[in-house]
Each structure stands twice: as C-alpha cells, then as structure tokens.
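Asks: show me the folded form of this:
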Amino acid sequence: MRKPLVSNNQVVIDASGKILGRLASQVAVVLRGKNLPSFRPDVISGPKVLVKNFSKMLVTGDKYKQKMYAHFSGYAGGLRQTSLGEKMKKDPKAVLMLAVKRMLPDNRTRNKILKRLTIQL
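Replies: Numbering: from 1, shown residues only. You can find the predicted model right below:
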C-alpha cells in the first residue's frame, strides 16, 4: 500500500474584503491541493488552511435576505429554510464551511479534507 503524500504546512488566507463564493472556491482549491504540481485526486495532498478575519467577509447584492439555505427532514411539511443573514447571526463559521463543502467532491475524502480547514472570526 502506497503511503499518502501529505504536507504539514499551513496556508493563511485573509478574508477581509473578499466575497464569500470567491473565497470558498479559493479555499477549496488549496485544501484539495489542485494548485500543486503533485496533485492526485485520490491523495489528500493539500496543506491545512487557516482563514482569518472571516467576520469582515463581504456578500454582494441583497443576499443576506434573499439567499436561502434549505433543510428537509424527510417528513411532509418538514422543509426548513433560513436566510443567509439568520445563518450568519447563528453560526458564521458554518456558512463558509458549507460553501467549501459543496465545492469539494462528494466522496469519502471530503470530510477528511474539511477537517484541515480552520476559521477564525
């Protein structure tokens, strides 16, 4: 069995003045290691990522009121929706974590990759 190529370095990204979606895509690329010449899809080779100043992140337009996050329980009438503004008040880290999660591939490595992400408000 081949030993995975894991680098122990850390990338620090300053979120102040950056837009949510662009920041999330940048974080997802670095976490996955797609910016490295030694990228392999089956190996977690990206560095750890620390996002600083997340509270100074920007959202364009009127997304605080209009962008909705939905959760369905599976039962009739079980659709729950919250706006971006409500979600930011409740747990601001979850907003970036969910955006990055949805930009990563839906396979067994996604949760392992997400554990390498740290967010500081």
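Asks: helix or strand: which one has the most centrally placed residue in the chain?
Replies: Note on the chain: the residue nearest the mean C-alpha position is Val100, at 2.2 Å, using C-alpha atoms, centre = their mean. Using DSSP states H and E, the element containing Val100 is helix 92-103.
Asks: would Ser25 count as being in a strand?
Replies: No - the assignment for Ser25, made by DSSP: H, G, I helix; E, B strand; the rest coil, is helix rather than a strand.
Asks: just give me the neighbour total for it.
Replies: 14 (other C-beta atoms under 10 Å). Using the backbone N, CA and C atoms, a C-beta is placed for each residue, glycine as well.
Asks: which non-adjacent residue is nearest it?
Replies: Spatial nearest neighbour of Ser25, excluding adjacent residues (C-beta to C-beta, 6 or more residues apart in numbering): Met103 at 5.8 Å.
Asks: list the contacts of that neighbour.
Replies: 24-25, 28 (C-beta atoms under 8 Å, 6 or more residues apart in numbering).
Asks: separation between it and Leu20?
Replies: 12 Å (C-beta to C-beta, to the nearest Å).
Asks: cool, Phe39 as well?
Replies: Distance of Phe39 to Leu20, computed by C-beta to C-beta: 25 Å.
Asks: tell me which of those two has more neighbours.
Replies: Here Phe39 and Leu20 are set side by side on neighbour count (other C-beta under 10 Å), and the busier one is Leu20, at 20 against 14.
Asks: pretty sure that one contacts Leu98?
Replies: No - at 10.4 Å, Leu20 does not count as touching Leu98 under the criterion of C-beta atoms under 8 Å.
Asks: show me where the protein has strands.
Replies: Secondary structure of the chain by DSSP state E: the strands cover 10-14, 48-52, 68-72, 79-83, 117-119.
Asks: thanks a lot, catch you later.
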